[in-house]
Structures are given as C-alpha cells and as structure tokens.
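S.K.: Sequence first, predicted coordinates after that:
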Amino acid sequence: MPTMIEIKDLHKSYQMGSNSLHVLKGINFKAEAGELVAIMGSSGSGKSTLLNILGMLDEANSGDYILDGVPIKNLNETKAAQYRNKFLGFVFQSFNLINYKTALENVALPLYYQKVGRKEREAKAMRYLEQVGLREWANHLPSELSGGQKQRVAIARAMASEPKVLLADEPTGALDSTTSYEVMELIQQINDQGNTILVVTHEEDIAHMCKRIIHLRDGVIVEDKKIKQKRASEYVQ
Ligand code: ADP
Ligand code: MG
C-alpha cells in the first residue's frame, strides 16, 4: 500500500509568555493508505496537538509532514485551507454541528465552500446521510437528534468531501458504550472501503476496534503495534 502520512522528527512547543511547553518531542510515524490507527495516551500527552498538526489546524515547530506525497510546509492560509478541505475530514468529540441547520444542510455545507452547485451538493449530502443510516432524519435539526445520530451526521459531513484521511479526536468521548460501538462500526465500514482513518481515544475497547495502536506518553511514541481488529458489530445488538 502507498504511504498516506509520513511525519519525521516532529516537534511542537506552546509559548506562554516567557514559558515554553514542549508537547511533541520528536514524533516519527508512517501510515499507509487504508490503515485504521488508534492514538492513545493519557490526558495531556499531546494526542490532540498531534492530530491538529496532521489536520493542518496547527503547525509544528520543526520536522516534516508529507501527506499523500505532498509536503505540508510553509503554506499560506489560503493554500492550507484549500488542502484541508480537499485532503482531510474531521470529527470531534463535541460533534461541532451548526445548530440552526438541518442534518442535510450540515453535511452539504463544506461542499458549498468547495463551490459545488446546490443540486449536486444536496444529492451528495443525502447520499452520505443515507450511508450513515440517517436518510429519514435529513430535515431534522441537531437538537432533535441523539448524540450517536449527531456524530453520524458529523461523519457524513466529513466524508462528503471525499477526504484522503479522516481524523477523529475522541469521536466516542461524549457517548455511552453502546452508541460508541455503533459509531465505531460506522468508522470500520468507512475504513473497509479503503479510507485511511486516525482515531484519538483513551478507551481500550475503542482502540481495539482499530488495526494498529500508537501510545503517546509525554510527547513521544512509546509503543506502536499492529493488532487483530475487534469488529464493533459483535458488540452492537
Ligand atoms: P491530549 O489531547 O493528549 O489530552 P493535548 O495535545 O490537548 O493533549 O495537550 C498537550 C499539552 O499541551 C497539555 O499540557 C495542554 O495543556 C497543552 N496545550 C494544548 N493546547 C495548548 C495551547 N493552545 N496553548 C498552550 N498549551 C496547550
Ligand atoms: Mg485531546
């Protein structure tokens, strides 16, 4: 499989006044296309910092980041935003849906920013909502959806742009375990179609639904192992 993500000796510090907090201390990591990787580690170990850099929401202080053969470095805001929209899909613990827009409108919104015409973006948004099992809920507002349904809308929104990589920061962090497994089942299905996915989690059972687990501690990778994937469907009635 071709390499999708490659990072070399990545460092990140946060500057707070005259103090500097060294959060990522030389991360080396490669992911092939089609991998499903869990990033684990206790709170404050740098998981979100790493994911935000991979997602081009933040920049490293030093090191290399190559995404599908494209070096991500010294990009201006416009270029970074273009790459982000084209290459990356994001899912967050808190869903980040727009409250006054329907499920369908939420999924269609990134396509609007990519200048996809109205008919096409609505058709596409509906197709992705259907894929996450929410066709019937297309015209509902987020406030009318359960936590699990909201996260599925967020996943449909992330996938509608057909990103090269899906990045999920504690996507099940706000959900009960049954709902968490349903969301992981969906993530596994998306990965089965060949999509590369990185999932930050601090839950062992969620991590074991991935194919590889990376452990971060104090800003370094202390363990990186391939595992036998547990299928989430076995845990969902
Ligand atoms: P995790 O996601 O593993 O809990 P984070 O990557 O969010 O860890 O944070 C790692 C460390 O960096 C923590 O000590 C956190 O307080 C600090 N940190 C995170 N973001 C910022 C920021 N924007 N400014 C300053 N410190 C930050
Ligand atoms: Mg975090």
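M.R.: Perfect, thanks for sending it. Ligands and ions are numbered 1, 2, ... in the order given.

S.K.: Hmm, Ala160 is touching Leu109, no?
M.R.: No - Ala160 is not in contact with Leu109 according to Cβ atoms under 8 Å; the separation is 9.2 Å. For the C-beta atoms, the positions are set from N, CA and C on the backbone; glycine is no exception.

S.K.: More neighbours: those two, which one.
M.R.: Shown here are Ala160 and Leu109; by other Cβ atoms under 10 Å, Ala160 has more neighbours (25 against 17).

S.K.: Tell me who's in contact with the residue nearest to Thr178 when sequence neighbours are not counted.
M.R.: Excluding the flanking residues, the one nearest Thr178 by Cβ to Cβ, 6 or more residues apart in numbering is Val236, at 7.0 Å. By Cβ atoms under 8 Å, 6 or more residues apart in numbering, the contact set of Val236 is 178, 181-182, 185.

S.K.: Redo the residues you listed as CSV? Include pLDDT, secondary structure and neighbour count.
M.R.: Shown next, in CSV, are those (pLDDT from 0 to 100; DSSP: H, G, I helix; E, B strand; the rest coil; neighbours: other Cβ atoms under 10 Å):
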residue, pLDDT, secondary structure, neighbour count
Thr178, 93, helix, 11
Tyr181, 96, helix, 24
Glu182, 94, helix, 22
Glu185, 96, helix, 17
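
S.K.: Of all pairs in these, which one spans the longest distance?
M.R.: Thr178 and Glu185 (10.8 Å; Cβ to Cβ).

S.K.: This structure: helices as residue ranges?
M.R.: Along the chain, counting by DSSP state H, helices occupy 47-54, 77-87, 103-113, 118-131, 147-160, 177-192, 204-207.

S.K.: Start and end of stretch 165-174, how far apart?
M.R.: 22 Å (Cα to Cα, to the nearest Å).
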